[in-house]
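Colleague: make a model of this:
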Amino acid sequence: MKQLSPAQIVLMKKAGEITKNALLYAETLVKPGVTTNSLDNLISEYIINHGGKPCFKGYNGFPKSTCISVNEVVVHGIPSQRKLKEGDIVSIDIGVEYKGFHGDAARTFPVGKISEEKQKLIDVTKQSFFEGIKFLKAGEKLGKVSSAIQKYAESFGYGVVREMTGHGIGEKLHLNPSVPNYGKESDGPIVQANTCLAIEPMINMGTRRIFILEDGWTTITQDLLPSAHYENTVLILDDRIEILTL
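Modeller: Next comes the predicted model:
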């Protein structure tokens with residue numbers, strides 16, 4: 001875990017603020033008939049106009065500024081001419097670089113009126129994040145966070161994705177340690193103060209098993225049931241935590 005200086009923490013907070021506001025803006029754009037490409041373009045424009053840089057664009061070859069994942073797509077959906085339909089759910093994952101530091105956050109939004117089952121999946125995925133961060137504290141094992149997320153999500157019969165994890169974040173978008181959404185309380189490193197983590201439960205309505213399509217990015221559930229994603233960048237201090245993207 002790379003510890004941040006006070007000046008670097010200020011830059012992380014600004015990156016987090018732009019990320020948060022870009023997601024709030026994205027939520028206003030989600031409606032039936034809109035293409036995922038147009039969402040990507042508008043969100044990218046918003047980030048740039050507010051002093052940030054969309055850091056997913058070109059990251060390991062990713063072709064767009066945001067990851068937009070509809071229904072059975074778990075993560076890393078590539079924006080396209082696909083139109084959102086009434087009853088869909090759509091996960092929007094945004095990364096922002098600000099003066100060399102990064103914010104990363106995701107939300108799953110309903111498109112128009114959705115089923116109770118899909119709404120419950122969104123709500124449980126979000127709450128699993130908050131169940132996890134109850135245990136996020138300097139000096140404690142990171143596995144306590146992972147274990148709490150898994151226990152909460154699985155108590156509803158949902159599948160917890162294992163192949164994709166949260167991560168450290170700071171001067172790079174992805175840093176050690178990885179932050180799984182499952183595991184034992186005794187797993188993982190000791191959490192250090194003045195570090196940031198991107199914690200991001202990815203929860204499936206059915207099986208936890210996933211499949212990556214031929215484009216090398218788009219990750220779907222094997223049973224084609226919906227998936228939801230909820231992520232925030234979190235700063236750990238000596239005596240408390242701060243969610244930078246909320």
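Colleague: contacts, neighbours, all on C-alpha from now
Modeller: Noted.
Colleague: what sits against K184?
Modeller: Going by C-alpha atoms under 8 Å, 6 or more residues apart in numbering, K184 touches 143-144, 146-147.
Colleague: try 10 Å this time
Modeller: The contact partners of K184, taken as C-alpha atoms under 10 Å, 6 or more residues apart in numbering, are 141-148, 150.
Colleague: mind listing the helices for this structure?
Modeller: Secondary structure of the chain (DSSP state H): helices at 6-29, 36-49, 116-133, 143-154.
Colleague: buried stuff in the third one?
Modeller: Spelled out, that is helix 116-133. For helix 116-133, burial by neighbour count (16 or more other C-alpha atoms under 10 Å) applies to 118-119, 121-122, 124-133.
Colleague: just checking, what packs against that helix?
Modeller: When contacts are defined as 3 or more C-alpha pairs under 10 Å, 6 or more residues apart in numbering; DSSP states H and E, helix 116-133 packs onto strand 89-98, strand 101-110, helix 143-154, strand 195-199, strand 202-204, strand 227-229.
Colleague: and it, C-alpha only, in PDB?
Modeller: Output for helix 116-133, consisting of C-alpha atoms alone and laid out as PDB, is shown next (Å, rounded to 0.1, in the frame of the first residue of the first chain):
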ATOM      1  CA  GLU A 116     -38.600  -5.700  -8.200                       C
ATOM      2  CA  GLU A 117     -36.000  -8.400  -8.600                       C
ATOM      3  CA  LYS A 118     -33.600  -6.100 -10.400                       C
ATOM      4  CA  GLN A 119     -34.100  -3.300  -7.900                       C
ATOM      5  CA  LYS A 120     -33.400  -5.700  -5.100                       C
ATOM      6  CA  LEU A 121     -30.100  -6.700  -6.800                       C
ATOM      7  CA  ILE A 122     -29.100  -3.100  -7.100                       C
ATOM      8  CA  ASP A 123     -29.900  -2.300  -3.500                       C
ATOM      9  CA  VAL A 124     -28.100  -5.400  -2.100                       C
ATOM     10  CA  THR A 125     -25.000  -4.700  -4.200                       C
ATOM     11  CA  LYS A 126     -24.900  -1.200  -2.900                       C
ATOM     12  CA  GLN A 127     -25.500  -2.200   0.700                       C
ATOM     13  CA  SER A 128     -22.800  -4.900   0.500                       C
ATOM     14  CA  PHE A 129     -20.300  -2.100  -0.100                       C
ATOM     15  CA  PHE A 130     -21.400  -0.400   3.100                       C
ATOM     16  CA  GLU A 131     -21.400  -3.700   5.100                       C
ATOM     17  CA  GLY A 132     -17.800  -4.200   4.000                       C
ATOM     18  CA  ILE A 133     -16.500  -0.700   4.900                       C
END
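Colleague: distance from that helix to the middle of the chain?
Modeller: On the basis of C-alpha atoms, centre = their mean, to the nearest Å, helix 116-133 sits 13 Å off its chain's mean C-alpha point.
Colleague: and for stretch 164-184?
Modeller: When distances are taken as C-alpha atoms, centre = their mean, stretch 164-184 is centred 11 Å away from the chain's centroid.
Colleague: cool, stretch 128-138 as well?
Modeller: That offset, for stretch 128-138, works out to 15 Å (C-alpha atoms, centre = their mean).
Colleague: show me how to select, in ChimeraX, the buried members of the contacts of K184.
Modeller: The following ChimeraX line selects those of the contacts of K184 that are buried, judged by 16+ other C-alpha under 10 Å:
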select :141,142,143,144,145,146,147,148,150
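Colleague: related to what we said a few turns ago, reformat the helices and strands packed on helix 116-133 as CSV; add mean pLDDT.
Modeller: Converted to CSV, these look like this (pLDDT from 0 to 100):
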stretch, mean pLDDT
strand 89-98, 98
strand 101-110, 98
helix 143-154, 98
strand 195-199, 98
strand 202-204, 98
strand 227-229, 98
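Colleague: buried set for stretch 64-81?
Modeller: Neighbour-count burial for stretch 64-81 [16+ other C-alpha under 10 Å]: 64-79.
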